[in-house]
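**Q** Below: sequence and its predicted model.
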Amino acid sequence: MPNFSAFVTHLRRAPVTSAKPQGRQLSEVEATALYCTSLSKAVARESSCWVPSTNLARFRGGNELEEYLLTLPSSWGRSLRTATPEDIVSFCESTWLPKHVGSVLPDGSAVAAPSGLKVMLSHLSTLMTDLGRAGPWDDASQTGNPLESDSIARLRKGYTRHMRNLGYEEGSAVPISLETHQLLLSKLDQQSTTRLLDSTALPSDYSLVVQPNGTKTRQLSRLGGHPIVGYLLRPVKRDRSGFDEKPLTAGAIYQRLTGHLKAFGLYHGESVHSYRRGNMQHRHHRLGETEEAVGERALINTPSVRKKYLDQSRHHRKMKRVERKSKTVLPAQILA
């Protein structure tokens, strides 16, 4: 039988190129210096992958973990490069959770928010990857990322469910008011508005009416008229020659919205979801629409869920947290 495997391997060979060295060949010392300079520049730019607040949060989490590890016996040899999942679980239970108590249970006791623990563990995971500790944790060889382990997954899930059993409820998105929305639009320059209209590719004589086409659990038939084919908001192509035919991610929309709000001094903790809460509260509390009518418009039929959206106090804790963070001075090494 013919050896087809060898034939396929032959077809997969890298094509022969006619490339020739440009100029003289570098010496080992020169090549090493070139790589050191190039890689140093690349690493210096890596901080731009995240907004300053994310870099600050990651720095704080790593610093707290390292301070905890330094309290352990030196014979254990624990550091950020050698920490195990058990070290991180112990750090969370004994140090991080008792220190970061910003939420209140129905009985009045202060606890750390499950979402805060989740974010902190995510920051530590990225930090470990940056240190070269990538991939799932292997207990036998004690290698890999200790945050990618069953122990950490159980800690995160167990703490969340435990807090819910005690009556904990996540805070709601800060509702954006009609006044803030109108002020934001008035401050955006004409060029930004023109770019938005260009990205939608709508004829100039069309009026744009955006209505929900369903939710994650409730799908509706497409509305009549002239529905938009494709996506309303799209990302720019890598070569910036146009727009990709795919949706702009929720994270990108969030960064765009909060970036504008912060630039104009209007940010108080709002997110993309703030528009849903803000619209519902405006219609109910200011325009006098019934809870049922507001819920039907927002595709929310469950009375308990409607009440959470219309509650005017569930977001106060988040606003206070944002206010505290706004007074924090970022370390120079994070902004560099």
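**A** Cool, the structure landed.
**Q** now stretch 104-121: mean pLDDT?
**A** Averaged across stretch 104-121, the pLDDT comes to 91.
**Q** Dump it to CSV, restricted to CA.
**A** Extracted C-alpha coordinates of stretch 104-121, given in CSV (Å, rounded to 0.1, in the frame of the first residue of the first chain):
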residue,chain,number,x,y,z
VAL,A,104,-24.1,44.4,53.9
LEU,A,105,-26.2,41.4,54.6
PRO,A,106,-29.8,41.6,55.7
ASP,A,107,-28.7,41.0,59.4
GLY,A,108,-26.4,44.0,59.1
SER,A,109,-23.1,42.2,59.0
ALA,A,110,-20.5,43.4,56.5
VAL,A,111,-19.0,41.0,53.9
ALA,A,112,-17.0,41.1,50.8
ALA,A,113,-19.0,41.0,47.6
PRO,A,114,-18.8,37.8,45.6
SER,A,115,-18.2,39.8,42.4
GLY,A,116,-15.2,41.5,44.1
LEU,A,117,-13.7,38.1,44.9
LYS,A,118,-14.2,37.0,41.3
VAL,A,119,-12.6,40.1,39.8
MET,A,120,-9.6,39.9,42.2
LEU,A,121,-9.0,36.2,41.3
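**Q** So which residues of the stretch 101-250 of the chain form helices?
**A** 114-130, 150-165, 178-187, 190-200, 250-263 (DSSP state H, counting those that start in this stretch).
**Q** Run a quick neighbour tally on Ala173.
**A** Number of residues near Ala173 (other Cβ atoms under 10 Å) recorded here: 19. In this view, the C-beta of every residue, glycine as well, is placed from N, C-alpha and C.
**Q** Is it correct that it is in contact with Asn279?
**A** No. The criterion here is Cβ atoms under 8 Å, and Ala173 misses it with Asn279 at 11.7 Å.
**Q** Identify the residue nearest Gly62 in space, chain neighbours excluded?
**A** Spatial nearest neighbour of Gly62, excluding adjacent residues (Cβ to Cβ, 6 or more residues apart in numbering): Leu127 at 4.8 Å.
**Q** Look at the residue nearest to the spatial centre of the chain and report its pLDDT.
**A** When Cα atoms, centre = their mean is applied to the chain, the residue found nearest the centroid is Gly251 (5.9 Å). Note on Gly251: pLDDT of 80.
**Q** Out of the helices of the stretch 101-250 of the chain, which one sits most buried?
**A** Highest mean neighbour count among the helices of the stretch 101-250 of the chain (mean count of other Cβ atoms under 10 Å): helix 114-130, with a mean of 18.
**Q** Next, the angle from that helix to helix 150-165.
**A** Computed with axes from the mean of the first three to the mean of the last three Cα atoms, to 10 degrees, the direction of helix 114-130 lies at 170 degrees from that of helix 150-165.
**Q** how far is helix 114-130 from where the chain is centred?
**A** 11 Å (Cα atoms, centre = their mean, to the nearest Å).
**Q** Which neighbouring elements make contact with it?
**A** Using 3 or more Cβ pairs under 8 Å, 6 or more residues apart in numbering; DSSP states H and E, the elements in contact with helix 114-130 are helix 52-70, helix 150-165.
**Q** which of those helices has the lowest average pLDDT?
**A** The minimum mean pLDDT among the helices and strands packed on helix 114-130 belongs to helix 52-70 (a mean of 90).
**Q** Now whatever helix or strand comes next after it: buried residues?
**A** Following helix 52-70 in sequence order, the next helix or strand is helix 85-91 (DSSP states H and E). Going by neighbour count (16 or more other Cβ atoms under 10 Å), the buried part of helix 85-91 is 85, 87-89, 91.
**Q** Stretch 303-312 too?
**A** Across stretch 303-312, burial judged by 16+ other Cβ under 10 Å covers 306, 309-310.
**Q** still on that earlier bit, ok, the residue nearest to the centre of the chain - contacts?
**A** Not one residue lies near Gly251 by Cβ atoms under 8 Å, 6 or more residues apart in numbering.
**Q** what's near enough to touch Leu155?
**A** 89, 92, 121.
**Q** just to revisit the earlier point, adding distance to Glu28 and pLDDT, write the buried residues of helix 85-91 out as CSV.
**A** CSV is the format used below for the buried residues of helix 85-91 (distance: Cβ to Cβ, whole Å; pLDDT from 0 to 100):
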residue, distance to Glu28, pLDDT
Pro85, 41, 97
Asp87, 40, 97
Ile88, 41, 97
Val89, 46, 97
Phe91, 43, 97
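**Q** Specify which member of the residues you listed is nearest to Thr71.
**A** For those, the minimum distance to Thr71 (Cβ to Cβ) is 9.9 Å, reached by Phe91.
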